[in-house]
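Chemist: Quick one: sequence plus predicted model below, questions after.
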Amino acid sequence: MHGLRTRAGQAGQGRCTARMALLAGALAAGLAAALAGCGSGQAHVALPRKPPPVRVAAHPSRPSATQLVVTAYDGYWRATNQALDSGSAAAARKILAGVVPAGAIAGLVKGLQVLWGRDDVSYGSPVLHIMSVKITGKGTAAVHDCVDMSHTGLANRQTGQIVGALGQSHDYLITTLVQQHGRWLVTGSVPVVQSCSY
């Protein structure tokens, strides 16, 4: 599928400890207040001031162009797997319509039909390690990714046997995107003979 994608048009424990400490502190404060209430005298406690009302932003911030490109790039990988697994030209066209330009869909579906003829489905998924996103012009962008393709490939639908891997753990890939009708679409991916790391 890597060849098809690249040629045809191609996202702890420290918090838990802090949360437990906060909870323990709250419980300790509650216990201390309860014990103080058991005394013979009445405790004079100053009530906290009323907090100011919460303000909700009138307009939530819009994602940046870079964020939209990354979302589209990640969505492309998921969509191509879904299109392959659909086993249906009609379903694949519908899935791919949201991630590649209309002119690329027929070629992609033709490639998928070859894989369906062999009863192939996808297994795994690439692990993206995006190094940079460049807005290259008005409505064009490029994603430079040191993608891990070592745990993704093709498997036989009937047996589940892996029949082809897509790549290695450090594949340098440059993917181009174009903005059409307000949506970023993948127009191509080119593997680069260059080392990358993450």
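Modeler: Cool, got the structure.
Chemist: all strands in this structure, in order from the N-terminus.
Modeler: Taking DSSP state E to define them, one finds strands in the chain at 120-124, 130-137, 140-147, 152-156, 162-165, 171-180, 183-192.
Chemist: List the neighbouring strands of the last one plus their orientation.
Modeler: Using DSSP bridges, the strands paired with strand 183-192 are strand 171-180 (antiparallel).
Chemist: pLDDT averaged over the partner strand - what is it?
Modeler: For strand 171-180, mean pLDDT is 97.
Chemist: So which residues make contact with it?
Modeler: Residues outside strand 171-180 that contact it (Cβ atoms under 8 Å, 6 or more residues apart in numbering) are 6, 10, 69, 72-73, 76, 101, 136, 139-149, 184-196. Just so you know, the C-beta spots here come from the backbone N, C-alpha and C atoms, and that holds for glycine as well.
Chemist: If any of those residues are buried, put those into a PyMOL selection.
Modeler: In PyMOL, this line selects whichever of those come out buried by 16 or more other Cβ atoms under 10 Å:
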select buried, resi 6+10+69+72+73+76+141+142+143+144+145+146+147+148+149+184+185+186+187+188+189
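Chemist: worst-scoring helix or strand of this structure, pLDDT-wise?
Modeler: helix 13-37 (a mean of 32; mean pLDDT, DSSP states H and E).
Chemist: neighbours around the spatially closest residue to A155 that is not a sequence neighbour, how many?
Modeler: Computed as Cβ to Cβ, 6 or more residues apart in numbering, the closest residue to A155 that is not its neighbour in sequence is Y123, at 4.2 Å. By the criterion of other Cβ atoms under 10 Å, Y123 has 20 neighbours.
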